[in-house]
Structure formats: structure tokens, C-alpha cells
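Q: no sequence for this one, just the structure:
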């Protein structure tokens, strides 16, 4: 779905496709949609990804795909990308037809030329729109308005109308509702402003490092945002951020058209001076940046970082992010993450293997892999039982037979010195599905031990903890396998096998005095209580009543 024009709303697209199908005698059996998603990349577009997966794997129960127009594949910057997806479908004997184009997709030279022009125009439209948006953001920044993002520690977002009159302070998660409104940055509470001034004072006068300042703040019970503890990078971001001098800035980093994010040099920043009351002076901020520039060390190579990680492992016998932060003489944890893409890759390169339940990062990574593998297995079993299944890439919502919704969660095993051994899983209350499936993993393994199937009617906590022996209430929902769920998904056509017949006699429920024969057939109906019973019989044998 694109948001730049009303004609691209999902309902308008579906109505146009439905009219096209009706006029051409086509039956629509399934719909794929990406609501509120940008078409610049395939990432995040579950609808298109599921369509391609069904077509390539042979699960598609259709031989034709109806598309609103050429741009609905995506506004890719590489025009060959949308052409490739169309080719993949045609190679699997699934044709493509466009419902809102003035040409037929019949493989002729004219249609191929028009499709190439349309794809090029779609990519060029995204580039032009990006340039216009960037120019507008730059102009708002120079006028003193905030272009977006969080305000930061010690600052607040003030909503003003088109004439600059204040309306309200925006809390986290709140945004402006009118296009003509603007957002300004204003200083926050006095206690937070005093903390910022103390941070700059300790850095410029006492020459303390960000780590030392963070420990000093935590020792005195000063809380960071959302009640969190101060960290080295939290202090460093404040010391190197020019907005505390009253300057509004934009374009510190760029990621246009979903390309790889990169940082820009200070010469390219868009500045709006004197946007709000400064908290510190420009001279003090300049001294802080000069101190950081003098402390900047030479960039370490990956080999040197691996040697530093092996030093931590040899000294402690194990390695973790906490041990890296506590060990003197080694780079900070973020340096390892920036170079290797995460600590899991670092552990693999130095030959260190963690048990499944000893590290949160390792557990999260393996949890995702186990969930993806188990989701694929569930979908295969459901479809093997004759069910139709539609699901997202992450299994947050599985639609079975267009009527039953499922969600899958993985409960991992944990040990705690006070809580003992238990299984824990996080649940989303906002996710309303008919059945919530919790797969409980075996201790120190990624094999599924059993399942818990909860219906929508049960109100579950946000964090669910299970023991080896739970109450009878939990045991009512526990299953050794999912065979029961797979049997529920079975569908069988009864067309031609069963038939309704009129009742020549009336089935009646016997009175209380007839205890020997609870159900009797009475043709007179003088003393029996009437009970209307629908009669379902096999078409090969007529009822004998």
C-alpha cells in the first residue's frame, strides 16, 4: 500500500481487481496484501514474500495472479527486481495480469517496453519524493522546528500550531494530529538540567571519562530515562550532542531509499541555531568535544579485537558482555558488536560455545531459529491434513481454513538461584487469536517437550512461567503433541455422500414413565413429548422408519 494517493488504498485496489475478475470470469481464491508497507525493498513485505513462497514451493492452488498495476510489485530502485519476481511466477506456470493498466501482459514487445518504462517511473517517483521530503525537513530544521526522533534526556517536545502558539507537551508515543502543527524542543525538569550541567562540568573541569561519570551518577541514585541506569554511551551521547547548546540539527546520519545507514560529517549537518534556550554554553561544549578528540585511539583491526576477546576468555574462563565491560585494557563491548555484528559471531570466531540457557543473546537467537523451524513444520502438517494456511514470516498470526487463527510462542528453559528451574515465555495481550500455542522446549535443548493450547477465552499474563509440575488448571491445556489440533484442521467434502430425507415418522422423546426404552418411535403421539431431530442418512441407503 502506498499512502501518497487515495487510489492506492487497499479497498480501492481490491474493488478494481474484483471487477476485473468478474468481467473476465475469474474466481479469486486468495488475497495477498502488504498494508502500510513501503515498496522500496522486499524486507517487511510478508504478503509478497508469502506469495512467492507459495508459488515456488508448489503450494499455490491457483494459476493466475491479478495485480492492480505494475507499481504494486514495488518501487524498487533496481527495475530488474520487480521483473525478476514476475519471471519467477511465470516460470512456475502462474500467469500475471494487470487490472488497471491500459495494455495486456501478453509477452509482446510493446507490453515488455511499457512495463520497463512503468518500473523505471516508479523508482524515479520514489527518488523525487525522497528529495522533496528531505528539502522540507531541512527547511523546518533551519526554522527551529524538530524534524523527528526522540527529544533526549533533559528535553521535551512542545506542540505548537501554525502561528507558533503552544498547545501541549507531547509524551512518548504521542504525535501531532494536524499537518500544519509543528514540534519544538524545550528544556525539561530542573533536576535533569542540573544533571546535564554536572556531566559537562566533570568532563571539562575534572577530566573524568564517561564511564566514571556514569558510575558516579548510579552511585547517587540518579536515574536515566525510563528509570534505567546510566551507561558509558549514555553520558557520551550527551557530551557530543550539540542540541544542549540550543541548536536544532538534522542529517547527522542518512538512510535514503532504505539504503545502508551511514554517518555524515559535521560539515553536512543541517543546523538551526538559537532554536530554544541553551542548557550549556558553546564554549563548554567545544571543550568537551576537544577532550574526546584527544582521547580518540587508533582504530583496532579485527585481529587485535579477537586477541583482546581471547584475553578476557583466558582471564575469566568464560566471556560475556558484562565481563568485557569489567575487564580493563580491552575495548568496549560496542566495539566488538560494531566489528562482528554481535557477540554471537565473536564467540564463534574465538571458539567459545555457550550452553543454550546461559546467555540471553544466544537464547534469543536460537529461540528465533527454533520458532521458524517449528512454524514451518506446523504449516506442512496442517496442509498435509487438507487445510489452507496463511501465515506471516514470524508466525505472529496463522490463519487456518479462513476461520481459525493461531499464534506460536516458544517457552525456553531457565535456571535461577532463587526461582529454581522453570520455563518462561512472553505473551502479547494485543495479539488476539483463537488459539495460542506454547511449545515448551526440553532443558538445555531445542527439542519440543510438550505443548500448551490456550483458547481466546483464557486471560493469560504477559510473562508466563511454567514448572515441571504445574497445577491441574495448566494441565488441562497440556498436550504431548499437536495431533489433536491437526485433526481439527481436516476438511472432507460431503457433496454426493450425504443427503437429507424428509421424515416419514416423527422421532419423539419418551415420557419419564418409560424408563426401559429412553428413545421410542411413536406414531400416535398421545403421551410422548415431541422432539424434533434432524435426520442425516447415507445417500446409498434410504432410511427405514
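A: Looks like it arrived, so ask away. Nothing here was measured: the structure is a model prediction, and the numbers come from that model.
Q: Could you chop the chain up by domain?
A: The chain resolves into domains spanning 6-133, 155-295, 302-349, 360-488, 493-545 when parsed by automatic domain parsing.
Q: tally of neighbours for residue 110?
A: Residue 110 has 10 neighbouring residues, counting by other CB atoms under 10 Å. For every residue, glycine as well, the C-beta is placed using N, CA and C.
Q: helix/strand/coil for it?
A: Classification of residue 110 using DSSP: H, G, I helix; E, B strand; the rest coil returns helix.
Q: Just the pLDDT at it, thanks.
A: Predicted confidence (pLDDT) for residue 110: 91.
Q: Contacts only, for the closest residue to it other than its chain neighbours.
A: Computed as CB to CB, 6 or more residues apart in numbering, the closest residue to residue 110 that is not its neighbour in sequence is residue 103, at 6.7 Å. Taking CB atoms under 8 Å, 6 or more residues apart in numbering, we find residue 103 in contact with 110, 111, 114.
Q: Tell me where the model's unsure across this structure.
A: For the chain, residues meeting the criterion pLDDT under 70 lie at 1-7, 36-37, 294-298, 354-366, 392-396, 417-418, 428-431, 492-545.
Q: Flag every buried residue along the lengthiest strand in it.
A: Criterion DSSP state E: the longest strand present in the chain is strand 404-416. Using 16 or more other CB atoms under 10 Å as the burial criterion, the residues of strand 404-416 that qualify are 404, 405, 406, 407, 408, 409, 410, 411, 412, 413, 414.
Q: Switch those residues over to CSV, and while doing so, append distance to residue 227 to every line.
A: Shown next, in CSV, are those (distance: CB to CB, whole Å):
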residue, distance to residue 227
404, 41
405, 36
406, 36
407, 30
408, 32
409, 27
410, 29
411, 28
412, 26
413, 29
414, 24
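Q: if I look at residue 441, how far off is residue 477?
A: 17 Å (CB to CB, to the nearest Å).
Q: More neighbours: those two, which one.
A: residue 441 (23 against 15).
Q: Could you double-check that the more buried one lies in contact with residue 451?
A: No: at 11.0 Å, residue 441 does not count as touching residue 451 under the criterion of CB atoms under 8 Å.
Q: Next up, phi/psi of residue 232, please.
A: phi -60, psi -50 (degrees, to the nearest 10).
Q: who's in contact with it?
A: 209, 210, 211, 214, 332.
Q: How many residues are close by the residue lying closest to residue 273 once chain neighbours are set aside?
A: Nearest residue to residue 273, sequence neighbours excluded (CB to CB, 6+ apart): residue 247, at 5.5 Å. Using other CB under 10 Å, residue 247 is surrounded by 20 other residues.
Q: wait, residue 247 sits on residue 269?
A: No: if you go by CB under 8 Å, residue 247 and residue 269 don't touch, sitting 9.3 Å apart.
Q: Tell me how far residue 93 lies from residue 64.
A: 10 Å.
Q: the more surrounded of these two?
A: With neighbours defined as other CB under 10 Å, residue 93 and residue 64 compare such that residue 64 has more, 15 against 10.
Q: list the contacts for the residue nearest to the more buried one when sequence neighbours are not counted?
A: Leaving aside its chain neighbours, residue 64 sits nearest to residue 95 (5.0 Å; criterion: CB to CB, 6+ apart). By CB under 8 Å, 6+ apart, the contact list for residue 95 reads 63, 64, 65, 89, 105.
Q: ok, now residue 116?
A: Here residue 116 is in contact with 79, 83 (CB under 8 Å, 6+ apart).
Q: Buried residues in the helix or strand harbouring it, which are they?
A: Assigned by DSSP states H and E, residue 116 belongs to helix 109-142. Buried residues in helix 109-142, counted by 16+ other CB under 10 Å: 114, 115, 118, 119, 122, 123, 126, 134, 140, 141.
Q: Show me the two of these that sit farthest apart.
A: 114 and 141 (40.8 Å; CB to CB).
Q: Could you grab the helix/strand/coil label for residue 339?
A: Relying on three-state DSSP, one would call residue 339 helix.
Q: Quick one: neighbours of it, just the number.
A: For residue 339, using other CB under 10 Å, the count is 17.
Q: Residue 39 too?
A: Count around residue 39 with other CB under 10 Å applied: 20.
Q: what are the phi and psi angles of residue 321?
A: phi -60, psi -40.
Q: before we move on, what about residue 441?
A: phi -80, psi 150.
Q: who's it bridged to?
A: residue 448 (DSSP bridges).
Q: Tell me who's in contact with it.
A: Applying CB under 8 Å, 6+ apart, the residues near residue 441 are 370, 410, 411, 412, 413, 423, 447, 448, 449.
Q: from what I can see residue 166 touches residue 158, true?
A: Yes: counting by CB under 8 Å, residue 158 is a contact partner of residue 166 at 5.8 Å.
Q: just the buried members of the contacts of residue 95?
A: Among the contacts of residue 95, the ones that count as buried by 16+ other CB under 10 Å are 65, 89, 105.
Q: Count the residues that sit near residue 179.
A: Around residue 179 there are 6 residues (other CB under 10 Å).
Q: rewinding a little: so, if you compare the buried ones among the contacts of residue 95, which one comes nearest to residue 462?
A: Nearest member of these to residue 462, counting by CB to CB, is residue 65, at 40.2 Å.
Q: Once you drop chain neighbours, what's closest to the closest one?
A: Counting by CB to CB, 6+ apart, the residue nearest residue 65 is residue 96, at 5.3 Å.
Q: residues contacting the closest residue to residue 73 other than its chain neighbours?
A: Spatial nearest neighbour of residue 73, excluding adjacent residues (CB to CB, 6+ apart): residue 82 at 3.8 Å. Going by CB under 8 Å, 6+ apart, residue 82 touches 70, 73, 74, 76, 119, 122.
Q: Helix or strand for residue 82, just tell me which one.
A: Counting by DSSP H and E, residue 82 is part of helix 79-91.
Q: Likewise for residue 313?
A: Using DSSP H and E, residue 313 falls in helix 302-316.
Q: Determine the set of other helices and strands touching the following helix or strand past that helix.
A: Towards the C-terminus, the helix or strand next in line after helix 302-316, according to DSSP H and E, is helix 321-326. Applying 3 or more CB pairs under 8 Å, 6 or more residues apart in numbering; DSSP states H and E, we find helix 321-326 packed against helix 302-316, helix 333-340.
Q: Fine, thanks again, bye for now.
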